[in-house]
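Show me how the following folds:
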Amino acid sequence: MGIRLQAKHYSKKITFVSGAILMLVGGLFFVNQALADATKPAAKAGEKLVTIYDRGAEKTIVTKARTIREALKLAKFSIDERQDVVEPSLDSEMVAEKYNINIFRARPITIVDGNKRLKVTTAEQTPALIAKAAGIEVFEEDKTTLSNSDNMAVDGANMVMKIDRASMVNFVLYGKESVIRTHAKTVGELLKEKNIDPKKDDTLSVDRSAKIIPGMKIELWRNGKQTITAEEDVKFEVEKVQDANRDSGYREVKQAGVNGKKNVTYEIEMKNGVEVSRKEIASVVTKEPKKQIEIVGTKVSLPSGSHSDWMSAAGISPDDYGYVNFIFTKESTWRTTARNGQYAGLGQTNINKLSQACPNWQSDPVCQIRVFNNYAVSRYGSWAGAYNAWNRQKWW
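Numbers count the residues shown, from 1 in each chain. Modelled structure (predicted):
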């Protein structure tokens, strides 16, 4: 009984002492705060109490300034607006009675991004904003550290920001492909990191123990029939506007075409991770394509001279002029640009064959005549033979 009473007595004593200590600490805090406030100038009606923090130093002024910019000018603080950052912003209006202004001075920072080093001068304080100021894209999965330099001679700046890039992986999850970034070492760690839990009948394209390699492709499929949606291009149309004042062969893109986009839903069937069938079941255009408009010249500038001059230039014997003239008159009336389906030219042959032999076939009758001369001789032995065949068949 005596022991319990003694313990209870000491417990009360300890509680009393603890309370007294807390009251003493709290009292000292309020005294210090009061002393600190007492050292600051007092603001009168219409004045603002402004405390400015700059590189660890603190200065308090009383001012009637209307903006942060005016207050800093009155307090004789110079600002490099191209690089320094002030919060609140310089042109913020001062409407409250008290203000705290923070000045962040621009300083050189060396950014180490893998094997690349970049030096930037900025007042930004966070790694994300520092990277933005340097024009570097940092992804959410990338790791960044900001610390003092260990070697000024190497880093060239007091501050160093290091970027540890996450590995980029192409991941196909049940038919939907996306790019993900990770610091995982293995495929299994990646699945755990992204909260992906494959089911018993699912097929993983690589083993869970496989090491993550930047740019690798990982696929996870569910066997059986399923639907997937893929974004695909919608090809733009080409409208050709003929211009008779421009030579054939002239082409000008007046309005560049832009492919549209569509979401296509397929029903696919997977077996052991391999797609064995695919059927489109729905398609929705999400972005209309933009038509391409081209100006195409149709003017044909033929060489000077008569038909006989062209045949002579092509190496046709004068004895064959009559046969050539007969066939070309029947087939095209001597129009170099004559078209009939897939056939074209003076003697009407396959347009692909003609354009390969004569790139400027529409305005080059001499080249065309050489092509048809080879055809007449190789198939009929001579132009006379070609003439006889045409009369029998009404074609050659």
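
Leu90 looks like it's in a strand, true?
No - counting by DSSP: H, G, I helix; E, B strand; the rest coil, one finds Leu90 to be coil, located in no strand.

Can you classify Gln356 by secondary structure?
When classified by three-state DSSP, Gln356 comes out as helix.

count of residues packed around it?
11 (other C-beta atoms under 10 Å). Where C-beta positions appear, they are placed from N, C-alpha and C, glycine not excepted.

Would you agree Val62 is in contact with Thr51?
No - assessed by C-beta atoms under 8 Å, Val62 is found out of contact with Thr51, at 10.7 Å.

Could you find the closest non-adjacent residue to Lys279?
Distances taken as C-beta to C-beta, 6 or more residues apart in numbering put Glu267 closest to Lys279, at 4.9 Å, once the chain neighbours are dropped.

tell me the contacts of Asn102?
Shown in contact with Asn102 (C-beta atoms under 8 Å, 6 or more residues apart in numbering): 53, 86-87.

Pull out the buried residues from those residues.
Val86 (16 or more other C-beta atoms under 10 Å).

Next step: the contacts of Asn102 restricted to strands.
53, 86-87 (DSSP state E).

Mind checking the pLDDT average for the strand ranked longest in the chain?
For the chain, the longest strand by residue count, based on DSSP E, is strand 274-287. For strand 274-287, mean pLDDT rounds to 93.

Each with direction, which strands does it pair with?
Neighbouring strands of strand 274-287 in its sheet, by DSSP bridges, are strand 260-271 (antiparallel).

measure stretch 330-343 end to end?
Distance between the two ends of stretch 330-343: 14 Å, counting by C-alpha to C-alpha, to the nearest Å.

If you could redo that for stretch 59-77, that was the one I meant.
End to end - C-alpha to C-alpha - stretch 59-77 spans 10 Å.

and it, how far out from the chain's middle?
For stretch 59-77, the separation from the chain centroid amounts to 45 Å (computed by C-alpha atoms, centre = their mean, to the nearest Å).

Below-threshold pLDDT in the stretch 251-396 of the chain: ranges please.
Along the stretch 251-396 of the chain, the model assigns pLDDT under 70 to no residue.

Does Tyr387 lie in a helix or a strand, and which?
Here Tyr387 sits within helix 383-393, counting by DSSP states H and E.

residues of that helix that come out buried?
383, 386-387, 389-390.

residue nearest the centroid of this protein?
Nearest to the mean C-alpha position of the chain, by C-alpha atoms, centre = their mean, lies Glu137 at 11.8 Å.

picking that back up, can you tell me what sits against the longest strand of the chain?
227, 231, 234, 260-270.

now swap in stretch 373-390 and tell me
So stretch 373-390 is in contact with 314-316, 320, 323-324, 326-327, 330, 347, 349, 396, going by C-beta under 8 Å, 6+ apart.

try it again with 6 Å
320, 323-324, 326-327, 396 (C-beta atoms under 6 Å, 6 or more residues apart in numbering).

Repeat that for stretch 78-88.
For stretch 78-88, the surrounding residues in contact (C-beta under 6 Å, 6+ apart) are 68, 102-106, 123.

Buried ones among the contacts of stretch 373-390?
Among these, those classed as buried by 16+ other C-beta under 10 Å are 320, 323-324, 327, 396.

could you dump those residues to TSV with distance to Glu239 and secondary structure?
Formatted as TSV, the buried ones among the contacts of stretch 373-390 follow (distance: C-beta to C-beta, whole Å; DSSP: H, G, I helix; E, B strand; the rest coil):
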residue	distance to Glu239	secondary structure
Asp320	44	helix
Tyr323	43	helix
Val324	39	helix
Ile327	37	helix
Trp396	37	coil
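
Closest to Arg222 out of the residues you listed?
Trp396 (62.9 Å; C-beta to C-beta).

Return the set of buried residues in stretch 275-283.
Taking 16+ other C-beta under 10 Å as the criterion, stretch 275-283 shows none as buried.

let me fix that: stretch 291-308
292-294, 297-298, 300, 307.

I figured Phe236 hits Gln255, correct?
No - Phe236 is beyond contact range of Gln255, at 10.0 Å (criterion: C-beta atoms under 6 Å).

Tell me which of those two has more neighbours.
Using other C-beta under 10 Å, the more surrounded residue of Phe236 and Gln255 is Phe236, with 16 against 11.

Helix, strand, or coil at that one?
Each residue gets one of three states, and Phe236 gets coil by three-state DSSP.

residues in contact with it?
Each residue near Phe236 by C-beta under 6 Å, 6+ apart is listed here: 257, 259, 289-292.

Mind checking which of those are in strands?
Among these, the members found in strands (DSSP E) are Gln292.

which of the contacts of Phe236 sit farthest apart?
The largest separation in these, counting by C-beta to C-beta, is between Asn259 and Lys291 at 11.2 Å.

if we can go back for a sec, closest one of the contacts of Asn102 to Gly156?
Val86 (26.6 Å).

The closest one and Asp309, how far apart?
Distance from Val86 to Asp309, counting by C-beta to C-beta, to the nearest Å: 84 Å.

can you check Leu90 too?
For Leu90 relative to Asp309 (C-beta to C-beta), the value is 82 Å.

picking that back up, looking at the buried residues of helix 383-393, which one is closest to Asp164?
Ala386 (77.6 Å).

and the gap between the closest one and Glu331?
Per C-beta to C-beta, Ala386 is found 11 Å from Glu331.

and stretch 125-135, which residues are buried?
127, 130-131, 133-134.

Same list, the residues you listed, but as a markdown table with secondary structure, pLDDT and distance to Lys44 please.
Formatted as a markdown table, the buried residues of stretch 125-135 follow (DSSP: H, G, I helix; E, B strand; the rest coil; pLDDT from 0 to 100; distance: C-beta to C-beta, whole Å):
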| residue | secondary structure | pLDDT | distance to Lys44 |
| --- | --- | --- | --- |
| Pro127 | helix | 94 | 44 |
| Ile130 | helix | 95 | 42 |
| Ala131 | helix | 96 | 46 |
| Ala133 | helix | 92 | 41 |
| Ala134 | coil | 94 | 46 |
